[in-house]
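**Q** just a sequence and a predicted model for now, questions to come.
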Amino acid sequence: MTPTVPQARIFYGWFVVAAAFTVMFVGFGSAYTFSAFVDSLQQDFGASRGSVSLVFSLAGFLYFGLGVVSGPLADRWGSRRMAIAGMILVGLGLALASVARTITEVYAAYGLGVGLGVGFSYVPAVAAVQRWFVRRRGFASGLAVSGIGVGTLVLPALAVQLVEALGWREAYLVLGALAALLGAGMSLLFADDPRHRGLAPDGDPPKPDAHRERPLGMTLGEAMRTRQFVCLYAACLICSFGIFMPFVHLVPFALDHGVERSAAAFLLGIIGIGSTAGRFLLGGLADRLGRYSFLLALFVGMALALTIWAFATGFWSLALFSFVYGVLYGGWVAILPSVVMDCFGGRSISSIMGILFTSVAFGTLIGPSAAGFAFDLSHSYTLPILTGVAANLVAGFIAALARKNPSPAGEPAR
């Protein structure tokens, strides 16, 4: 028998949102500092831009691809354990990167440490939030993943200051300590199901015997056999070839066009500002206008934003691109988990999201590193950027093919 817990003045779901926000602030913020280290790694190890970019691609592949493991484990063991383990791994990976003697050791330390750490924590954290909300699911999800945007704003700027003041090795060490202490500490707030606390989603009064009800929605196998899942998987795979290029190549692109180093690094911060705004504002707007339709519009919007980058040559045009792209990218990250919950229900949400995000993993592995090698050959980013434009347009078309599929029984259609 589940004990009844008195209604808290503050709905506990918001504490889960705060934990997810912090995990993503620390994990993705640490990952997206990578652009601030590219020049230092190139100089110290005599590496090409393509080979250095591969470090980020490896980490990205792991932290999205590992959802296929961390999702089912979170359904079984709980989000709290997975997030704590992930944050400790992020801290350990950054600390080991600080003592690397070859670019291969950076691959192993940063790629495996940050990749495994974020991979173990990201899907469990996002999935936990979805179970605590229905009516405000888009807003809550947006608030949680805005940690990525705030992390992108704060930590790359911090990394630049640390590199200039202490050196790149000491900068990695400081970031590693921050990840382990702050990330793991806040992960203690995670709780997977409001029913376990005598609560209902959105802070509503619990139904009698709600703890005995089976979560609504599809199993992993049922979801994977739907046309909607196949189309979402293909759309996320294709758009991911270009969606993460700015996080690796925007600073080098700006430096190549004569932008000062501090101003170039600030462009990542502008993406963070836009991304934070997009996660806060677009998630709630999608709740009112329809989350699936909004997702389709974001694919088109990101394609148009990348077009701005293709023709930008100075700081202000790059700043415009950074903000617009940040808003749209932030909205995409915020809305996608809620769309998955709407489509397939909460029964196996962590497992379904884990499989879906392997599509993003493959795109992240190939896209940024391919852009780096393309630059090494042509000394231009034009072709990779335009490829990203086309990829987002194709992704939007594919996702639209499944637009009319019905929602699972018991779940609200959006």
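**A** Now that the structure is in, tell me what you want to look at.
**Q** show me where the stretch 101-250 of the chain has helices.
**A** If DSSP state H, counting those that start in this stretch is used as the criterion, the helices of the stretch 101-250 of the chain fall at 103-106, 113-131, 137-166, 168-178, 184-187, 220-224, 227-243, 245-256.
**Q** report the buried residues of the following helix or strand past the last one.
**A** Stepping forward along the backbone from helix 245-256, the first helix or strand reached (DSSP states H and E) is helix 261-289. By neighbour count with 16 or more other CB atoms under 10 Å, helix 261-289 contains the buried residues 264-287. Using the backbone N, CA and C atoms, a C-beta is placed for each residue, glycine as well.
**Q** who's in contact with L306?
**A** Taking CB atoms under 8 Å, 6 or more residues apart in numbering as the criterion, L306 is in contact with 242, 321, 325, 385-386, 388-389, 392.
**Q** can I get the residues you listed in JSON lines with neighbour count?
**A** Shown next, in JSON lines, are the contacts of L306 (neighbours: other CB atoms under 10 Å):
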{"residue": "G242", "neighbour count": "26"}
{"residue": "F321", "neighbour count": "25"}
{"residue": "Y325", "neighbour count": "25"}
{"residue": "I385", "neighbour count": "24"}
{"residue": "L386", "neighbour count": "15"}
{"residue": "G388", "neighbour count": "28"}
{"residue": "V389", "neighbour count": "18"}
{"residue": "N392", "neighbour count": "28"}
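**Q** closest to G176 among those?
**A** Y325 (28.6 Å; CB to CB).
**Q** tell me which of the contacts of L306 fall in helices.
**A** Among the contacts of L306, the ones falling in helices (DSSP state H) are 242, 321, 325, 385-386, 388-389, 392.
**Q** do you know which of the helices of the stretch 101-250 of the chain lies nearest M24?
**A** Per CB to CB, nearest to M24 of the helices of the stretch 101-250 of the chain: helix 137-166, 3.6 Å.
**Q** pull out the buried positions in that closest one.
**A** 137-160, 162-163.
**Q** elements contacting that helix?
**A** Counting contacts by 3 or more CB pairs under 8 Å, 6 or more residues apart in numbering; DSSP states H and E, helix 137-166 is packed against helix 13-31, helix 113-131, helix 168-178, helix 261-289, helix 315-344.
**Q** deepest of those helices, which one?
**A** Most buried of the helices and strands packed on helix 137-166, by mean neighbour count (mean count of other CB atoms under 10 Å): helix 113-131, with a mean of 29.
**Q** so how far is that one from its chain's centroid?
**A** In this view, helix 113-131 has its centroid 9 Å away from the chain centroid, taken as CA atoms, centre = their mean, to the nearest Å.
**Q** now do it and helix 13-31, the angle between them.
**A** Calculated by axes from the mean of the first three to the mean of the last three CA atoms, to 10 degrees, helix 113-131 forms an angle of 160 degrees with helix 13-31.
**Q** chain neighbours aside, what residue packs nearest to A18?
**A** Leaving aside its chain neighbours, A18 sits nearest to L189 (6.4 Å; criterion: CB to CB, 6 or more residues apart in numbering).
**Q** count of neighbours near that neighbour?
**A** 19 (other CB atoms under 10 Å).
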